[in-house]
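K.L.:
sequence first, predicted coordinates after that:
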Amino acid sequence: MPRDPVDAHLHKGRLRRLDPLAYTGTACVHWTMALEKRAAGWLNDLLHARLREILLHVCARYSTVCPVYCLMPDHAYFLLMGTAPQANQQTAMRMLRRQWSALLPAGMEPQRQSYDHVLREEERERGAFESVAFYILENPVRSGFVSNFAEWPHAGSLVPGYPSLDPRTPGFWTSFWLAHEAVCQ
């Protein structure tokens, strides 16, 4: 029986995970990936573009979409949604971590285990889901980097086949839900 997704605590030095089935199919998961020792200094426009390309491949390969992501100087947030029964977010995140690690400057690497929060059914309703996404996008504001999330250049959305989706633009959610519906068919 899967445990409560919010009840993440250490088990033998590692975060406990839900049953692997909780990360498959149409699951929605908020992932947080930090760098070891919260190292900073990796984030620039080029590495953002390269990580975005990797994320696009991860989404296409593992049948997921990323409604929003936000890259910070020492960590990154990804909100992923499975779009097909074969979607497997744990495998997808292992690939993302491995590929991100190869991009980082010498001496930097992502922590070996990311934090995740599998969204409950009530958190997957559109209004609640959009609130989770907004929380992710607001991280640069809460950290004092910008006064409005739309000013942060290291955030975005990835839905394979829909390159112009940007959560900082008016009408994003209408466009996102239409794109999501199209890729889920």
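P.N.:
Alright, I've got the coordinates. Numbers count the residues shown, from 1 in each chain.

K.L.:
which stretches of the protein form helices?
P.N.:
Applying DSSP state H to the chain gives helices spanning 45-61, 89-103, 126-137, 139-142, 172-183.

K.L.:
angle of the first one against helix 172-183?
P.N.:
Put simply, helix 45-61 runs at 40 degrees to helix 172-183, going by axes from the mean of the first three to the mean of the last three CA atoms, to 10 degrees.

K.L.:
same check, this time on the second one
P.N.:
Here helix 89-103 points in a direction 110 degrees away from that of helix 172-183 (the same axes, to 10 degrees).

K.L.:
which residues touch helix 89-103?
P.N.:
17, 20, 23-24, 27, 29, 31, 33, 42, 47, 50-51, 54-55, 57-59, 61-62, 64, 76, 78, 80, 82, 109-110, 114, 116 (CB atoms under 8 Å, 6 or more residues apart in numbering). All C-beta spots, glycine's among them, are computed from the backbone N, C-alpha and C.

K.L.:
one more: the third one?
P.N.:
Under the criterion CB under 8 Å, 6+ apart, residues 28, 30, 67-70, 77, 79, 119, 122-123, 149, 152, 155, 167-168, 173, 177 lie in contact with helix 126-137.

K.L.:
so how do I select the buried members of those in ChimeraX?
P.N.:
Restricted to buried positions by 16 or more other CB atoms under 10 Å, the ChimeraX selection for the contacts of helix 126-137 reads:
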select :28,30,67,68,69,70,77,79,119,149,152,155,167,168
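
K.L.:
which of the contacts of helix 126-137 fall in strands?
P.N.:
Using DSSP state E, 28, 30, 67-70, 77, 79, 155 are the members of these that sit in strands.

K.L.:
wait, doesn't Ala155 sit right on Phe172?
P.N.:
No - using CB atoms under 8 Å, Ala155 makes no contact with Phe172, being 11.5 Å away.

K.L.:
show me what contacts the spatially most central residue of the chain?
P.N.:
In the chain, the residue lying closest to the centroid (CA atoms, centre = their mean) is Phe78, at 1.1 Å. By CB under 8 Å, 6+ apart, the contact set of Phe78 is 30-31, 33, 55, 66, 69, 93, 96.

K.L.:
low pLDDT regions in this protein?
P.N.:
1-16 (pLDDT under 70).

K.L.:
make it 50
P.N.:
Along the chain, the model assigns pLDDT under 50 to residues 1-11.

K.L.:
so what's Gly156 bridging to?
P.N.:
Tyr69 (DSSP bridges).

K.L.:
can you select the buried ones among the contacts of helix 89-103 for me in PyMOL?
P.N.:
To isolate the buried ones among these in PyMOL, judged by 16+ other CB under 10 Å, type:
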select buried, resi 17+23+24+27+29+31+33+42+47+51+54+55+58+59+62+64+76+78+80+82+109+110+114+116
